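**Student:** One predicted model, sequence on top.
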Amino acid sequence: MIKFNNTQKFTKINIAKIPQDKAIIYKIKDASGTNLYTGIAGRGRSQERLIEHKDIKKEVIQGGTRFQFVQAKNKEKAHNIEKKIIKDEQPKFNIQHK
């Protein structure tokens with residue numbers, strides 16, 4: 001089983017601390033810890049991708065107050081992990097659940 005980092009507040013300051021050297025899998029959660037959305041970001045794009053979800057004007061992930069991430073060897077490995085998490089947890093904002 002893959003080990004995600006500790007849950008952090010979904011703030012721009014915390015997002016800025018995410019390493020950019022590898023692909024990541026991330027979970028955006030609500031205050032109670034429920035996974036609302038799982039996604040991936042390629043190397044060099046992790047911070048940018050999470051900021052896109054943080055955009056309050058778009059309210060992309062409503063109720064998202066926390067996040068977790070883990071680095072993957074490459075984007076293909078990240079895709080496989082993402083698919084499994086979505087299948088198992090069925091996050092509300094992963095509309096297609098695949």
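**Tutor:** That came through fine. Numbering: from 1, shown residues only.

**Student:** just checking, what packs against the helix or strand of the chain with the lowest mean pLDDT?
**Tutor:** Lowest by mean pLDDT, DSSP states H and E among the helices and strands of the chain is helix 46-54, with a mean of 89. Judged by 3 or more C-beta pairs under 8 Å, 6 or more residues apart in numbering; DSSP states H and E, helix 46-54 is in contact with helix 12-15, strand 23-29, strand 35-41. The way it works is simple: take the backbone N, C-alpha and C, and place the C-beta from them, glycine included.

**Student:** And the next helix or strand past it?
**Tutor:** Note on helix 46-54: by DSSP states H and E, the next helix or strand toward the C-terminus is strand 66-72.

**Student:** What mean pLDDT does that next one get?
**Tutor:** Per-residue pLDDT over strand 66-72 has a mean of 95.

**Student:** I'd like to check the angle between that strand and strand 35-41, please.
**Tutor:** Inter-element angle recorded for strand 66-72 and strand 35-41: 30 degrees (by axes from the mean of the first three to the mean of the last three C-alpha atoms, to 10 degrees).

**Student:** Show residues contacting the following helix or strand past strand 66-72.
**Tutor:** Downstream of strand 66-72, the first helix or strand assigned by DSSP H and E is helix 75-89. If you take C-beta atoms under 8 Å, 6 or more residues apart in numbering as the criterion, helix 75-89 is touched by 2, 23-25, 27, 35, 38-40, 42-43, 70, 72, 91, 94, 97-98.
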